[in-house]
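*Asks:* sequence-free structure coming up:
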């Protein structure tokens, strides 16, 4: 075998180049087309990417609105929508923001979640654009817009329905167990648990493998026990507020529910993202589920017959004895938000999309059609028609009458505290941790 | 290119350049960066800022460190025992000729073709306590409510079982190939001496597979030390922290709490542990001496 120098070096170089290229291909994600394509400057066209959470009902509306914008805009900007599953989305966003692979518009939760990106200088200030579009600005509900406002500047615009957490039920299952609608008081709730258990049903479907579904119970119970100000102290940085007697009482009630079998025995194996609890509720195996208002669009995607039938009932979280909180107070996500990245190459086009779309008749109606009430003023009449008229009117009234709307804790707190909170709360639900230990651990976190 | 290489026509050191470059850029460089990051405060956005030994000091007050370390040990040892106990006999069995063996082997290899994510999602659906296979099979094995991945005592064993299901085929493949390489003359001689099937397996097959057993063991032990994809998707480390193995703890610190600095500390620990373990295993077993198993044949 004879070899000369030059072909061998050429081969070495070739193989090296090839393997490096292959590796480069392997390491880049599907988001390449996102920013790689956004080469044009503002006003001179270019492609932009909108990142959202996977939602079978909402995604088609988001895609349609982007297409409508692409046809109508004079900026030459063309936007496309990419959707990602909930939990991986947050991780993907965190690593993509500020990189060459970042989206131009991104879905977020406002509050503490958005603040970290703002603090890092990665989010465009939309205040001026909003002032330049007074018709749009006037339509937004101020308290909801406030969650997208940080240090007096607007960074996020509400892009979907208000999402209070509420009780959902399957009226067939409830009737069979002799339960009449959603419980009004804590005692009602406890007696409903007994009745449903006697009827061999899971009283409350709970997706315990995902900590945030358990968090809703703590959010509401603390609000009812001690009022909205306890968590306001915590989110304001006062960690001693975790030791508030109301926190202990709320956690004690949670463990009482666990002991009473309110969630069945296998709840910690059940997931929400894989429709585990939706199937329990729609399939008649569980009586109730505590969930955000997006439950209706989630059900509409997976179990449309159930979602549109009269079997789906809903109500407010019950009162607790001697509670200091206002029974009309609600928790949940005031809305979700769209923000524009600071270094987006199509910043003006992206901003124009937001101000021209989010309060437009088509978009608002599209949301109402899938059972979501947008954070837009003056919808009293509009919520009364359509497939989800009753539910939309209920949601609209719930939010309008609420003295406080506490943002989901895992969105309001910073990422590290949220992670600790969710893990510890899972342990409380598993009875691996006492309420006192939980409070001490969170005060030290 | 060395003179020697030119004279003999054997590949010289330049032939190693692509592999070395690849290894340098995609293995060594990230390791160096991880060690550097362990001395910084970084959330993933913006630039890392140097914070000295803060992250390393945090090791002392991380209450999750020891439980995670114990779980990782359990996972490594149990995976090794389970996978070897299944893969070795299956590989030897699959090495023999026969159409039914070939057909069954092909079926056994199916998990090898699936991505970890697909396997985890598949098993996640199977293990749904209300609608999955778990609701049917659970009562038969003493878990009447199908609560496998939600039970803190069972969850880690479920993870071990699923991970084994994924990797056993790969090790079967190793053992199958190695068994086929054993010269028939050894078995013929043993048969003439009147050795039984069991004796032939113990005294010929296993000693001849020695190096394969070591290779496969190192891959399993070091592999499970850093493995977490299936656990992440299947249980997310839960319920509570029942399946938060060390690499998953690292991942959650990095990508849920966005504390890249401390995550890098754990990554550095894993790097040292993994390297130490593989060096230890090869030393103890004498694998590094590269002895031939076929001397005199």
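*Replies:* Alright, I've got the coordinates. Everything numeric in this text was worked out from a predicted model, so none of it was measured. Residues are numbered from 1 along each chain as shown, chains lettered A, B, ... in the order given.

*Asks:* Next, the contact list for the residue nearest to residue A:435 when sequence neighbours are not counted, please.
*Replies:* Take residue A:435 and drop its neighbours on the chain: the residue closest to it by C-beta to C-beta, 6 or more residues apart in numbering or on different chains is residue A:251, 3.5 Å away. Yep, even glycine has a C-beta here, placed from its N, CA and C like the rest. Residue A:251 is in contact with A:218, A:221, A:428, A:435, A:438, A:439, counting by C-beta atoms under 8 Å, 6 or more residues apart in numbering or on different chains.

*Asks:* residues near the last one, how many?
*Replies:* Neighbourhood size, residue A:439 [other C-beta atoms under 10 Å in any protein chain shown]: 21.

*Asks:* Check residue A:445 too.
*Replies:* Under the criterion other C-beta under 10 Å, the count of neighbours that residue A:445 has is 14.

*Asks:* can you pull the pLDDT of it?
*Replies:* pLDDT recorded at residue A:445 is 82.

*Asks:* just residue B:34 next, same as before
*Replies:* 94.

*Asks:* Regarding the closest residue to chain A within chain B, what is its secondary structure?
*Replies:* Residue of chain B nearest chain A, by C-beta to the nearest C-beta: residue B:150 (3.1 Å). State at residue B:150, reduced to three classes by DSSP: H, G, I helix; E, B strand; the rest coil: coil.

*Asks:* from the contacts of residue A:251, which would you call buried?
*Replies:* Among these, the ones that count as buried by 16 or more other C-beta atoms under 10 Å in any protein chain shown are A:218, A:221, A:428, A:435, A:438, A:439.

*Asks:* Output the contacting helices and strands for the helix or strand hosting residue B:103.
*Replies:* Per DSSP states H and E, residue B:103 falls inside helix B:99-108. Here helix B:99-108 touches helix B:65-95, helix B:155-180, going by 3 or more C-beta pairs under 8 Å, 6 or more residues apart in numbering or on different chains; DSSP states H and E.

*Asks:* Pipe these into CSV and attach mean neighbour count and mean pLDDT per row.
*Replies:* CSV is the format used below for the helices and strands packed on helix B:99-108 (neighbours: other C-beta atoms under 10 Å in any protein chain shown; pLDDT from 0 to 100):
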stretch, mean neighbour count, mean pLDDT
helix B:65-95, 19, 94
helix B:155-180, 21, 94
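
*Asks:* Of all those, which one is nearest residue A:88?
*Replies:* Residue A:88 sits nearest to helix B:155-180 of all these, at 19.3 Å, using C-beta to C-beta.

*Asks:* After the helix or strand containing residue A:117, heading C-terminal, what element do we hit next?
*Replies:* Taking DSSP H and E as the definition, one finds residue A:117 inside helix A:111-119. Next along the chain after helix A:111-119, taking DSSP H and E as the criterion, comes helix A:127-131.

*Asks:* So for that following helix, mean pLDDT?
*Replies:* For helix A:127-131, mean pLDDT rounds to 94.

*Asks:* Other residues contacting it?
*Replies:* For helix A:127-131, the external contacting residues (C-beta under 8 Å, 6+ apart) are A:136, A:137, A:153, A:154, A:157, A:351, A:354, A:355.

*Asks:* Grab the nearest non-local neighbour of the last one.
*Replies:* Which is residue A:355. Nearest residue to residue A:355, sequence neighbours excluded (C-beta to C-beta, 6+ apart): residue A:133, at 4.3 Å.

*Asks:* sorry, back to before: what's the offset of the helix holding residue B:103 from the middle of its chain?
*Replies:* 24 Å (C-alpha atoms, centre = their mean, to the nearest Å).

*Asks:* Return the set of buried residues in that helix.
*Replies:* Here helix B:99-108 shows B:105, B:108 as buried, counting by 16+ other C-beta under 10 Å.

*Asks:* what mean pLDDT does it have?
*Replies:* On average, helix B:99-108 scores 89.

*Asks:* C-terminal to it, what's the next element?
*Replies:* Immediately after helix B:99-108, counting by DSSP H and E, sits helix B:110-113.

*Asks:* Look at the nearest residue to residue B:236 once chain neighbours are set aside and say how many residues are nearby.
*Replies:* Spatial nearest neighbour of residue B:236, chain neighbours left out: residue A:209 (6.9 Å); criterion: C-beta to C-beta, 6+ apart. Residues lying near residue A:209 (other C-beta under 10 Å) number 29.

*Asks:* residues in contact with the spatially most central residue of chain B?
*Replies:* For chain B, residue B:223 is the residue whose C-alpha lies nearest the centre (C-alpha atoms, centre = their mean; 2.7 Å). Counting by C-beta under 8 Å, 6+ apart, residue B:223 touches residue B:167.

*Asks:* can I assume it sits in a strand?
*Replies:* No - applying three-state DSSP, one finds residue B:223 to be helix, outside a strand.

*Asks:* Low-confidence regions, the stretch 1-150 of chain A specifically.
*Replies:* A:1-44 (pLDDT under 70).

*Asks:* which stretches of it form helices?
*Replies:* Along the stretch 1-150 of chain A, the stretches classed as helices by DSSP state H, counting those that start in this stretch are A:5-27, A:32-36, A:58-72, A:86-96, A:111-119, A:127-131, A:134-139, A:142-147.

*Asks:* Point out the ones among the buried ones among the contacts of residue A:251 that are inside helices.
*Replies:* Counting by DSSP state H, those place A:218, A:221, A:428, A:435, A:438, A:439 in helices.

*Asks:* Max pairwise distance over these: which two?
*Replies:* Among those, A:221 and A:439 lie farthest apart (C-beta to C-beta), at 13.7 Å.
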